[in-house]
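# let's see this in three dimensions:
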Amino acid sequence: MNTKFVYTISAAVAFSATVFAATQDTSIAESTPSDSILERLAALEQNQSTETQSSWASKVRVKGDIRYRFQHVDSEDKTTGSDLSTSKNIQRIRARLGVYADVNDFIEAGIGLRTGNSANSGNVTLGDGFDGMDFSVSLAYLRLNPEDGKYGAVTMGKMKQPWKSSTDLIWDSDVNPEGLAYAYNGKAKNTGLITSAGYFKVIDNKSETDTDLATLQGAVVQPFGDKIKATIGASMYYYKNVSTNNIAYADDIAYRIGEGFAELAFKDIGPIPFKLYGNFVNNTAEQDENQGYCFGIKFGDAKKGKWEAKYDYRDLELHAAPSVFADSDFADGGTGVKGHRIKAKYNFSKNLQAGFAYIYSERTTQRTQTPYSQQFNSLFLDLMVKF
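Now for the predicted structure:
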């Protein structure tokens, strides 16, 4: 008999026996492969879920802070025939919560809430019959930021101030404008460049009497070695249709505000770093009570170290800027004020900060038809936590 034929028959018989045995053992043919596939699918699904959660966590940031403030204010009327003198203890709270997301490589988004609804303050005074506190949307913006700001960024919506402010003379730090802005921070060799431009809607009356704000700013930051850095810049704030809406103390007021500002920072020259700073504003649309200035000195930096302390003096005339956006703490807020401020902060830990401020201020110009003068002695004690 042919040997090759025998081998072929034998192999066929063996293969048939193997197939028959496999068909009889259902645990091998059916259970083992399917269990393995299900386990692999479950592991794959878990890995995908973990990757999705990790990706979300890396793109979305949640930040917030709560500040408790004890405030004591003594005010003395200096006007003959009036009675505005008071002495009062006040407790206030400010809470803020924000969610910020990197939507993709060139779009950022942010939503923020805070207590109160004033443009220049998030403080809420305690003592309203234990009623609940009002919260308002303080931020809601989209930012186009291609290549990490290489060519600047465009922000749309309700945003943090896109311009640089050396002091809070005309812009309280709580003011968040609404509209469209472009900002660029870059360098030309070792010189820093700061520019911004914006168009903002202040009051929308759904008519031609809307109050709008156009802004333009430019500044340079020049280091001198490793120990000295100088910043100098100029800004323009032009308001349209101010007199038709309530953002000034008097009717028929216009604002075309020019600003100059400067900072000179010193590092490793003395025992502690310090900075000189100041700004000057002039409302060229008005002839009287149209100027203001603030200058001061700051020691340390609570954002980069344990503590900071600073002193400044200011004089902001009545028509120099809109009253509703000026520092809310100084002489009870607004314009037509001048005086001194001492302020300090100390970080007990990364997320716990204490603050102190004393303001001696006065009003020396008229807000109504009758001139008056009022003096303030204000003490602020703050405790703030961040998370």
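
# would you confirm that T335 contacts L318?
Yes. At 5.3 Å, T335 counts as touching L318 under the criterion of CB atoms under 8 Å. (C-beta placed from N, C-alpha, C; glycine too.)

# who's in contact with the residue positioned nearest the centre of the chain?
Closest to where the C-alpha atoms of the chain average out (CA atoms, centre = their mean) is K160, at 4.7 Å. Going by CB atoms under 8 Å, 6 or more residues apart in numbering, K160 touches 139, 176.

# got the confidence number for it?
Here the pLDDT value assigned to K160 is 97.

# what about the nearest residue to L383 once chain neighbours are set aside, how many neighbours?
Nearest residue to L383, sequence neighbours excluded (CB to CB, 6 or more residues apart in numbering): Y68, at 5.1 Å. Neighbour count for Y68, taken as other CB atoms under 10 Å: 15.

# hang on, Y68 packs against D382?
Yes. Contact criterion CB under 8 Å: Y68 and D382 qualify, at 7.1 Å.

# next, give phi and psi for the closest residue to N283 other than its chain neighbours.
Leaving aside its sequence neighbours, N283 sits nearest to N290 (CB to CB, 6+ apart; 4.2 Å). Phi and psi for N290, reported as degrees, to the nearest 10, are phi -120, psi 10.

# just A43 next, same as before
Main-chain torsions, A43, degrees, to the nearest 10: phi -70, psi -40.

# contacts for stretch 282-292?
Taking CB under 8 Å, 6+ apart as the rule, stretch 282-292 contacts 169-170, 253-259, 280-281, 314-321, 335-336, 365.

# helix, strand or coil for the residue nearest to L383?
strand (DSSP: H, G, I helix; E, B strand; the rest coil).

# need the per-residue pLDDT for it.
On the pLDDT scale, Y68 gets 98.

# any idea what it is bridged to?
I93, L383 (DSSP bridges).

# equivalent analysis for Y311, please.
Partner residues in beta bridges with Y311, using DSSP bridges, are I297, I342.

# got a pLDDT number for it?
We have a pLDDT of 98 for Y311.

# what about it, neighbour count?
15.

# ok, the one 3 residues further on next?
Other residues within reach of R314 by the criterion other CB under 10 Å amount to 24.

# ok, now T231?
T231: 19 surrounding residues under other CB under 10 Å.

# swap in D329?
Neighbour tally, D329, other CB under 10 Å: 21.

# assign W171 to helix, strand or coil.
Under the three-state scheme (three-state DSSP), W171 adopts coil.

# related to what we said a few turns ago, next step: the contacts of stretch 282-292 restricted to strands.
Mapping the contacts of stretch 282-292 onto strands (DSSP state E) picks out 256-259, 280-281, 314-316.

# next, format those residues as TSV and append pLDDT and distance to Q374.
Formatted as TSV, the ones in strands among the contacts of stretch 282-292 follow (pLDDT from 0 to 100; distance: CB to CB, whole Å):
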residue	pLDDT	distance to Q374
R256	96	29
I257	97	25
G258	98	29
E259	98	27
F280	98	25
V281	98	23
R314	98	16
D315	97	15
L316	96	15
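
# farthest-apart pair in the residues you listed, please.
Pairwise distances across the ones in strands among the contacts of stretch 282-292 (CB to CB) peak at 21.0 Å, for the pair R256 and R314.
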